[in-house]
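Visitor: sequence and predicted model, in that order:
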Amino acid sequence: MRPEAKRAGRVTTSSLHGLGVACGLAAGAWLGAAEAPTKLVTLGFSPFLISLGTVAGVFVARWTVPMALKGTRYVVRDIREGPHLIVWAILAGVLWAVANTLTVFAIRGVGLSIAFPLWNTNSLVGLFWGWLLFGELRNAGARQLMKVLGGAFAIVAGACLLAYATSRQVGGPAGAATSGIAAALGAGLLWGTMYIPYRKAYLSGMNPLSFVTVFTFGELGAVSVLAIVFDGGFHGVLADLQRARPALFWLFLGGFCWVLGDLFQQYAAKYVGIGRGIPLSNTNQLWGLAWGALVFGETRGSTTAVLILILAGSLLMVGGAAAISLAEAQESEQAAWKRAMERECHRYGLDPDRLAARLRGEDDRAETSGLGRPWWELLITAVALGLLAWLALLARPQPIPVNLAWMAALTAATLGALLLGGFLLWKRTRFS
């Protein structure tokens, strides 16, 4: 290989790693903001109802955002080129829906600022699957392994500290803290496993925007079944929706926020792998801690010892995630990634050169080819905006005390992450 080509390869790899890092951090901000509306569970709303309301917003956003960025023609063409991935996307949606429902139980049991770091143990699960199935960390070298494994142990230690702090902080019925911890860890297990279809899709060349369009059918179907089975049947769900109508806007808005965070997370998984991308997006625990402690006052009245435990546990987990995310894949490890991609090509009859280009963000699929946007895209956008406006008109303030100054500050920072991450993604790959 000529020196110029080798240098160009390093530049491309480094730029993609930097892009993946930026996407992971932006994901953390939006995934953290998306969990704030789940505080409504403390007012007596059913966890299944809250999950259903959030997923309704997710369903609408997963159709409108990809359509706005790439167009329906692009998305449909992309899905047709990888029909074998449809079932994987639906499976990922089901896993997401169950995990999302468990997070509501976790928040009810232990609070938002505590539950967040516990379910972020999904980074360990994703790290394992990335190593086992997709060649991540294979031939990575001792230095990179130390970063990743050291980070993994730090995440476990942080989770243990937070679980101990929970048992000292949370009052109420006996066993509430235990069930909340179990729900949060269960969500982490399911979310970590959910990234298997993610990585499989991107090794097959599918765009994240197309993947989430199919993904949403699995999540909406699963959460609807959960709500009907465990929440009083179809008529019971309708009655709960009617009672919760003044609060549905906040759940719907949380679903929109989640989609933006999840899209950034998927781009991170595409460009730096799930073993690195998930820990980066798990910086959402800082945002969750900020929303819970600063906006909702969850830690108000806690003892100094509890606050120190919460802070130490969070810092340990963030430090572990940082160590993992900074372990940039070297050429020897990238060769293992390439073998995983070639395995997918052989299994499904795909073109290795085209897939390699797409994994570099070089998409050869036309978007609209100058044909303009079809009329139904305007209709879908109008329906989505109309639904959001209708729910906003029905919304009423909920009896949850909030600090408006901190809410405004966190909202501004979250919007800043969206603008910066979106600009970098567009400039480098045009959202490919």
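Guide: On my side now, so go ahead.

Visitor: buried stuff in stretch 296-311?
Guide: Within stretch 296-311, the residues scored as buried using 16 or more other Cβ atoms under 10 Å are Phe296, Glu298, Thr299, Ser302, Val306, Leu309, Ile310. No exception for glycine: its C-beta is placed from N, CA and C like everyone else's.

Visitor: and the residues you listed, which two are the farthest apart?
Guide: Largest separation among the buried residues of stretch 296-311 by Cβ to Cβ: Phe296 and Leu309, giving 19.1 Å.

Visitor: right, and the helix or strand after whatever helix or strand Ile90 lives in?
Guide: Per DSSP states H and E, Ile90 falls inside helix 86-110. Toward the C-terminal end, the helix or strand that comes next after helix 86-110 (DSSP H and E) is helix 112-119.

Visitor: okay, the helix or strand following that following helix in CSV with CA atoms only?
Guide: Toward the C-terminal end, the helix or strand that comes next after helix 112-119 (DSSP H and E) is helix 122-134. Taking Å, rounded to 0.1, in the frame of the first residue of the first chain, the C-alpha atoms of helix 122-134 are listed here in CSV:
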residue,chain,number,x,y,z
ASN,A,122,-26.4,-2.3,29.0
SER,A,123,-23.0,-1.2,27.9
LEU,A,124,-21.5,-4.4,29.4
VAL,A,125,-24.0,-6.5,27.6
GLY,A,126,-23.4,-4.7,24.3
LEU,A,127,-19.6,-5.0,24.8
PHE,A,128,-20.0,-8.8,25.2
TRP,A,129,-22.1,-9.2,22.1
GLY,A,130,-19.9,-7.0,20.1
TRP,A,131,-16.9,-9.1,21.0
LEU,A,132,-18.7,-12.4,20.5
LEU,A,133,-20.6,-11.8,17.3
PHE,A,134,-19.0,-8.9,15.4
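
Visitor: averaged pLDDT, helix 122-134. What do you get?
Guide: In this model, helix 122-134 carries a mean pLDDT of 86.

Visitor: who are the packing partners of it?
Guide: With contacts taken as 3 or more Cβ pairs under 8 Å, 6 or more residues apart in numbering; DSSP states H and E, helix 122-134 sits against helix 142-169, helix 176-203, helix 274-281, helix 304-325, helix 331-348.

Visitor: contact partners of that helix?
Guide: Helix 122-134 has contacts (Cβ atoms under 8 Å, 6 or more residues apart in numbering) with 136-138, 148, 152, 155-156, 187-193, 195-196, 199, 203, 273-275, 277-279, 282, 320-321, 324, 337, 340.

Visitor: tell me which other helices or strands the helix holding Ile90 touches.
Guide: Packed against helix 86-110, as judged by 3+ Cβ pairs under 8 Å, 6+ apart, are the following elements: helix 47-70, helix 112-119, helix 176-203, helix 208-230.

Visitor: could the ones you listed go into a markdown table alongside distance to His84 and mean pLDDT?
Guide: Putting the helices and strands packed on helix 86-110 into a markdown table (distance: least, Cβ to Cβ, whole Å; pLDDT from 0 to 100) gives the following:
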| stretch | distance to His84 | mean pLDDT |
| --- | --- | --- |
| helix 47-70 | 20 | 83 |
| helix 112-119 | 30 | 73 |
| helix 176-203 | 9 | 87 |
| helix 208-230 | 12 | 85 |
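
Visitor: quick one: closest of the ones you listed to Trp258.
Guide: That would be, of these and by Cβ to Cβ, helix 47-70, which comes in at 5.7 Å.

Visitor: after that closest one, which helix or strand is next?
Guide: Using DSSP H and E, the first helix or strand after helix 47-70 is helix 72-81.

Visitor: mean confidence for that next one?
Guide: 87.

Visitor: can I get it as CSV, trimmed to CA atoms?
Guide: What follows is helix 72-81, C-alpha atoms only, in CSV (Å, rounded to 0.1, in the frame of the first residue of the first chain):
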residue,chain,number,x,y,z
THR,A,72,-39.6,8.1,1.5
ARG,A,73,-38.1,7.0,-1.8
TYR,A,74,-34.7,6.6,-0.3
VAL,A,75,-36.1,4.7,2.8
VAL,A,76,-38.2,2.3,0.7
ARG,A,77,-35.3,1.6,-1.6
ASP,A,78,-33.0,0.9,1.3
ILE,A,79,-35.5,-1.5,2.9
ARG,A,80,-36.0,-3.4,-0.4
GLU,A,81,-32.2,-3.9,-0.7
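
Visitor: helices or strands up against it?
Guide: Short answer (3+ Cβ pairs under 8 Å, 6+ apart): helix 72-81 packs on helix 208-230.

Visitor: run the angle between the helix it packs on and helix 47-70 for me.
Guide: In terms of direction (axes from the mean of the first three to the mean of the last three Cα atoms, to 10 degrees), helix 208-230 departs from helix 47-70 by 160 degrees.

Visitor: elements contacting whichever helix or strand comes after helix 208-230?
Guide: Proceeding N to C from helix 208-230, the next assigned helix or strand is helix 233-243, under DSSP H and E. Under the contact definition 3+ Cβ pairs under 8 Å, 6+ apart, helix 233-243 sits against helix 47-70, helix 208-230.

Visitor: show me what the last one packs onto, helices and strands only.
Guide: Here helix 208-230 is seen to pack against helix 47-70, helix 72-81, helix 86-110, helix 176-203, helix 233-243, helix 248-272 when contacts are counted using 3+ Cβ pairs under 8 Å, 6+ apart.

Visitor: Ile114 contacts Leu309, doesn't it?
Guide: No: with contacts counted by Cβ atoms under 8 Å, Ile114 stays clear of Leu309, the gap being 10.2 Å.

Visitor: so what's Lys270 scoring on pLDDT?
Guide: At Lys270, the predicted lDDT confidence score is 89.

Visitor: who's in contact with it?
Guide: Lys270 makes contact with Gly20, Tyr198, Tyr202, Pro208, Gly277, Leu359, according to Cβ under 8 Å, 6+ apart.
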